[in-house]
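[1] below are the sequence and a predicted model for it; my questions follow.
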Amino acid sequence: MNVNWDWADDRRYILAVQVLRYWPFGAMWCRIWLAIDVWLCTASIFNLCAISLDRYIAISRPVKYPAVMSGSTRTRTSAV
């Protein structure tokens with residue numbers, strides 16, 4: 001059985017809070033955890049936006065898509 005340990009590590013904090021009904025890891029780790037959580041959620045949203053933009057361009061301009069997504073244009077689009 002293959003276990004994704006990153007997922008398991010992230011969930012142990014949530015599980016601890018649900019079982020214990022309080023945050024046992026201290027105020028500093030709470031702030032760090034919240035910052036990382038917001039950061040990763042924001043990165044996920046930006047990733048979905050970039051994929052959506054790519055798919056929109058591919059569907060709305062199928063003939064021009066290879067030219068639009070070549071070289072420096074791809075870099076600029078991925079930076080957005």
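    It's in.

[2] would you list the phi and psi of the most far-flung residue of the chain relative to its centre?
    Distance from the C-alpha centroid of the chain peaks at Val63, with 30.4 Å (Cα atoms, centre = their mean). With angles defined as degrees, to the nearest 10, Val63 sits at phi -80, psi -40.

[3] got a list of what it touches?
    Applying Cβ atoms under 8 Å, 6 or more residues apart in numbering to Val63 gives no contacts. The C-beta positions use only the backbone N, C-alpha and C, and glycine is treated the same way.

[4] from Leu53, how far out is it?
    Look at Val63 and Leu53: by Cβ to Cβ, to the nearest Å, they are 18 Å apart.

[5] likewise for Ala67?
    The value you get for Ala67 to Leu53, if Cβ to Cβ is used, is 16 Å.

[6] same drill for those two, tell me which one is more crowded.
    Using other Cβ atoms under 10 Å as the criterion, Ala67 and Leu53 rank with Leu53 on top: 13 against 10.

[7] what about that one, helix or strand, and which?
    helix 27-60 (DSSP states H and E).
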